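[1] need a 3D model of the following:
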Amino acid sequence: MRPIPDALHGRPFTRSEAHALDVSDTALRGRRFVRLFTGIYRTAETEPTLDLLLRAAQLGLLHR
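    Below you'll find the model as predicted:
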């Protein structure tokens, strides 16, 4: 199992960002990641705060 890239911790990120850091779709479907919205994820270790959810929603709107 590959380590999760540091750049993905503590914030929402897009599927494209994950792919750019060699994180596969299979990994994104696993227990180490949580899908927040279509194409928007967080690591399972990242606290699901209101601020994080708002930033995730904003990312989702920007990357449509």
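
[2] helices of the protein, start to end?
    15-20, 25-28, 50-62 (DSSP state H).

[3] want to throw these into TSV with mean neighbour count?
    Where C-beta positions appear, they are placed from N, C-alpha and C, glycine not excepted. Below are the helices of the chain laid out as TSV (neighbours: other Cβ atoms under 10 Å):
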stretch	mean neighbour count
helix 15-20	15
helix 25-28	12
helix 50-62	14
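
[4] adding distance to Pro3 as columns, could you present the ones you listed in TSV?
    TSV is the format used below for the helices of the chain (distance: least, Cβ to Cβ, whole Å):
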stretch	distance to Pro3
helix 15-20	13
helix 25-28	11
helix 50-62	21
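
[5] and of those, who's closest to Thr38?
    Closest of the helices of the chain to Thr38 is helix 50-62, at 7.0 Å (criterion: Cβ to Cβ).

[6] one step back: dump the helices of the chain into TSV; add mean pLDDT and distance to Phe37 as well.
    Shown next, in TSV, are these (pLDDT from 0 to 100; distance: least, Cβ to Cβ, whole Å):
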stretch	mean pLDDT	distance to Phe37
helix 15-20	97	11
helix 25-28	98	13
helix 50-62	95	4
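
[7] nearest to Ala44, of those?
    That would be helix 25-28 among the helices of the chain, by Cβ to Cβ, at 11.2 Å.

[8] which secondary structure elements does the closest one sit against?
    Judged by 3 or more Cβ pairs under 8 Å, 6 or more residues apart in numbering; DSSP states H and E, helix 25-28 is in contact with helix 15-20.
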